[in-house]
Each structure stands twice: as C-alpha cells, then as structure tokens.
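Chemist: fold the following, please.
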Amino acid sequence: MSIEEEAQFLQSVETEALHGRIINHSLVKSRLELSIQRSVSDDYIWDLFKRHGWRKKVPRSSHPKADRRAQEEYKKKCLNCWQPSR
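Modeler: Numbering: from 1, shown residues only. Next up is the predicted model:
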C-alpha cells in the first residue's frame with residue numbers, strides 16, 4: 001500500500017474510534033487484511049502505526065493524586081482485620 005492509501009485506511013478506522021469504539025491492533029490487522037485481500041504481519045501493523053503517528057494509549061496504572069502512604073497504611077490495617085480461611 002502507498003502512504004496515501006494507508007492514511008485513507010487509518011482515517012476510516014479513526015472515525016470509528018472517535019465515535020467511541022475501542023481500536024486495537026488485532027482489529028486494525030483484520031480490517032487491513034480484508035481490504036487488501038492478503039495477510040500482513042504484526043510488525044507491518046506496528047510500523048503502520050508509527051509511520052502515521054499513532055501510538056498506544058492505555059489507562060494509567062494509578063491516579064496522579066493518589067497518596068501512597070495512605071494506601072500502605074490502609075493495607076497494613078486491613079490485613080489485621082481480615083484473614084482468609086484456610
């Protein structure tokens with residue numbers, strides 16, 4: 001595919017993402033394979049993303065205003081009040 005064809009393909013996928021659909025690697029790969037009628041490697045998909053400035057976005061692992069000390073204190077107190085039965 002040419003760069004313009006790739007951009008057009010990604011634009012169609014992007015419109016779905018903007019409407020609230022979650023877009024992942026496997027979805028893009030399957031759609032691309034259907035559109036070009038041949039299989040592509042995973043590396044091609046990741047290179048496609050990189051070429052067009054797409055990047056992986058995932059939820060953050062913790063809240064930026066989280067208080068680690070308070071969480072650790074809670075864990076210490078919580079372990080004393082609840083013990084799993086064996």
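Chemist: mind giving me the packing neighbours of the one helix or strand residue 35 maps to?
Modeler: Using DSSP states H and E, the secondary-structure element containing residue 35 is helix 25-36. In terms of contacts (3 or more Cβ pairs under 8 Å, 6 or more residues apart in numbering; DSSP states H and E), helix 25-36 is packed against helix 3-18, helix 42-51. Backbone N, C-alpha and C define where each C-beta goes, glycine included.
Chemist: let's go with 6 Å and repeat that
Modeler: For helix 25-36, the elements it packs on are helix 42-51, judged by 3 or more Cβ pairs under 6 Å, 6 or more residues apart in numbering; DSSP states H and E.
Chemist: what's the neighbour count on the nearest residue to residue 49 once chain neighbours are set aside?
Modeler: Closest residue to residue 49 in three dimensions, ignoring its sequence neighbours and counting by Cβ to Cβ, 6 or more residues apart in numbering: residue 55, at 7.1 Å. Counted with other Cβ atoms under 10 Å, residues neighbouring residue 55 total 6.
Chemist: residue 55: which element?
Modeler: Under the assignment given by DSSP H and E, residue 55 is not contained in any helix or strand.
Chemist: coming back round to it: tell me the buried residues in the helix holding residue 35?
Modeler: For helix 25-36, the neighbour count (16 or more other Cβ atoms under 10 Å) marks 28-29, 32 as buried.
Chemist: related to what we said a few turns ago, pull up the gap between the residue nearest to residue 49 and residue 21, please.
Modeler: When Cβ to Cβ, to the nearest Å is applied, the distance between residue 55 and residue 21 equals 18 Å.
Chemist: try residue 33
Modeler: 18 Å.
Chemist: quick check, pLDDT for residue 43.
Modeler: Per-residue confidence at residue 43 stands at 94 (pLDDT).
Chemist: and what of residue 86?
Modeler: The model reports residue 86 with a pLDDT of 59.
Chemist: tabulate the CA atom coordinates of the helix or strand bottoming out on mean pLDDT in the chain in PDB.
Modeler: Sorting the helices and strands of the chain by mean pLDDT, DSSP states H and E puts helix 68-81 at the bottom, at a mean of 78. Extracted in PDB, the C-alpha atoms of helix 68-81 (Å, rounded to 0.1, in the frame of the first residue of the first chain):
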ATOM      1  CA  ARG A  68       0.900   6.200  48.500                       C
ATOM      2  CA  ARG A  69       1.500   6.500  52.200                       C
ATOM      3  CA  ALA A  70      -2.300   6.400  53.000                       C
ATOM      4  CA  GLN A  71      -2.700   3.400  50.700                       C
ATOM      5  CA  GLU A  72       0.100   1.500  52.500                       C
ATOM      6  CA  GLU A  73      -1.300   2.400  55.900                       C
ATOM      7  CA  TYR A  74      -4.700   1.100  54.800                       C
ATOM      8  CA  LYS A  75      -3.200  -2.200  53.600                       C
ATOM      9  CA  LYS A  76      -1.500  -2.700  57.000                       C
ATOM     10  CA  LYS A  77      -4.700  -2.000  58.900                       C
ATOM     11  CA  CYS A  78      -6.800  -4.100  56.500                       C
ATOM     12  CA  LEU A  79      -4.600  -7.200  56.800                       C
ATOM     13  CA  ASN A  80      -5.100  -7.200  60.600                       C
ATOM     14  CA  CYS A  81      -8.900  -7.200  60.400                       C
END
